[in-house]
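Asks: Give me a model of this one.
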Amino acid sequence: MRIATWNVNSVRTRHDQVCAWLQAEAPDVLCLQETKVADDLFPHAAFEALGYKAVISGQKAYNGVAILSRLPIEDVRVGFAALLPDDPVATELGAQKRVISAWIEGVRVLNLYVPNGSALTSEKYPYKLEWLACLRRYLEAQDAEGEPLAVVGDFNIALEARDIHDPDRLSGGIMASDPERQALRDALGGRLEDVFRVFEPDAGHWSWWDYRTGAWDRDTGWRIDHIYLSEELLACATGCVIHKGVRGNAQPSDHAPVVVHLAWPPEQAEEGEDEGGW
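Replies: Take a look at the predicted model:
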C-alpha cells in the first residue's frame, strides 16, 4: 500500500500534473492540500478516469483538502468537529477547510493542511497555535478509537534544524518557532512517528521551495510535508520518498509529493513473502 501527500496549490490549475503523476507512480491513496476550489467545481472526472475516487472538503480560492483513492473509501470525516462535536473551537475552526479523514484498507488516513501563520507578529500566528491545540484534542479522540493511523499533509512546520536549508538564520521564525514546534509535538503525543526520518536521518531533503525567493534554482528548501504513522503501520513501512523532480515542472506547485510504502495489510505482506515477494 502506498500513501502519498501533495500540496498542489490549486487542483484545477494543476490537475494535468496531478493526473500525469498518478499515471506514472500509481499510489493507492493521494492526499491533496490547498485544492482551492469549491466542492461543486472539483475535477472529479479527471481522477475517476484513472480509477480514483475523491472525497473532498473545499472552499473557493483558499485552503481545501481531498483524498483520492483507488481502494474503497469508507467512513469519511470532515473537520475537527467530526470527533469533537461538543468543542466550540473545533466547530469555529471548521470554517477553513483543512481536515478530512477516511477509512481505507484498514487504515485511518487523516489529511491535514496546517495554517501557515504568516509571521510571528501576525494575527494568523495565534490562530495557528489554537489550531494545533485543537489538533491535539482531535488526535487524542482519534487515538481512543484504536485505529491504525496515518496522518499526512502540509504541516507548515519544520520540526528540526535539519529540516531547513539555513537553520541558523531561520530557526525561531515562522514555521520554525519553538511554540509551533512544541504545539505539533504535543499534538503527536509520542504516538506518531515521522516515517521519513526512519529511513533518512540526514539534512538536505526538502519538500517545499518558496516561489518568492528563487528557492528551487538554489535548492534552498524546507521539509514541511510530513507523514506520521502509528506503531502498527510504522512496523510495516518499507520506505518513504520525496518526489523532488515534480517541483521542476513548468508552472509547478511549490511543494513536491511525499510517498510512504507500506507492507500492508500485514496478511497480504506475509503471503507475498511466502511467494518470494517483498
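
Asks: And for stretch 181-189, what's in contact with it?
Replies: Under the contact criterion C-beta atoms under 8 Å, 6 or more residues apart in numbering, stretch 181-189 has outside partners 114, 129, 132-133, 135-136, 139-140, 143, 151, 155, 157, 159, 228. Glycine gets a C-beta too; all of them are placed from N, C-alpha and C.

Asks: could you point out where the stretch 151-278 of the chain is predicted with low confidence?
Replies: For the stretch 151-278 of the chain, the stretches flagged by pLDDT under 70 are 268-278.

Asks: Would you report which members of the contacts of stretch 181-189 are assigned to helices?
Replies: 129, 132-133, 135-136, 139-140, 143 (DSSP state H).

Asks: between those, which has the most around it?
Replies: Ranked by neighbour count (other C-beta atoms under 10 Å), these have L135 at the top, with 26 neighbours.

Asks: Now for the residue found closest to it once you drop the neighbours it is linked to in the chain, how many residues are close by?
Replies: Using C-beta to C-beta, 6 or more residues apart in numbering and skipping the chain neighbours, the partner closest in space to L135 is A187 (4.5 Å). By the criterion of other C-beta under 10 Å, A187 has 24 neighbours.

Asks: got the buried residues for the helix or strand hosting A187?
Replies: Element membership for A187 (DSSP states H and E) is helix 178-188. Within helix 178-188, the residues scored as buried using 16 or more other C-beta atoms under 10 Å are 180-181, 183-184, 187-188.

Asks: quick one: the strands in this protein?
Replies: 2-7, 29-33, 53-57, 65-69, 73-78, 99-104, 107-113, 149-154, 193-194, 225-229, 237-242, 258-262 (DSSP state E).

Asks: okay, now V107: neighbour count?
Replies: Neighbour tally, V107, other C-beta under 10 Å: 25.

Asks: contacting residues for it?
Replies: V107 touches 1, 3, 147-150, 233, 264, counting by C-beta under 8 Å, 6+ apart.

Asks: okay, the residues you listed in TSV with neighbour count and distance to S69 next?
Replies: As requested, those are arranged in TSV below (neighbours: other C-beta atoms under 10 Å; distance: C-beta to C-beta, whole Å):
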residue	neighbour count	distance to S69
M1	21	10
I3	29	9
E147	16	16
P148	21	16
L149	22	16
A150	28	12
L233	26	16
W264	24	14
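
Asks: Report the contact partners of the spatially closest residue to R191 that is not a sequence neighbour.
Replies: Closest residue to R191 apart from its sequence neighbours, by C-beta to C-beta, 6+ apart: D143 at 5.8 Å. Counting by C-beta under 8 Å, 6+ apart, D143 makes contact with 149, 189, 191.

Asks: Next up, phi/psi of H243, please.
Replies: As for H243, its main-chain torsions (degrees, to the nearest 10) stand at phi -90, psi 70.

Asks: Enumerate every residue touching the residue lying closest to it once chain neighbours are set aside.
Replies: Excluding the flanking residues, the one nearest H243 by C-beta to C-beta, 6+ apart is P257, at 4.4 Å. P257 makes contact with 4-6, 21, 25, 30, 242-243, 246 under the criterion C-beta under 8 Å, 6+ apart.

Asks: related to what we said a few turns ago, tell me the one of the contacts of D143 nearest H165?
Replies: Of all the contacts of D143, G189 has the smallest distance to H165: 28.7 Å, by C-beta to C-beta.

Asks: count of residues packed around the closest one?
Replies: Quick note: G189 (other C-beta under 10 Å) scores 11 neighbours.

Asks: Can you pull the phi/psi pair for it?
Replies: The phi/psi pair for G189 (degrees, to the nearest 10) reads phi 60, psi 20.

Asks: out of the contacts of P257, which are buried?
Replies: 4-6, 21, 30, 242-243, 246.

Asks: from the residues you listed, which is closest to Y211?
Replies: For the buried ones among the contacts of P257, the nearest to Y211 is V246 (14.7 Å; C-beta to C-beta).

Asks: measure that closest one to V11 for me?
Replies: According to C-beta to C-beta, to the nearest Å, V246 and V11 sit 14 Å apart.

Asks: cool, and S57?
Replies: From S57 to V11 the distance is 12 Å (C-beta to C-beta).
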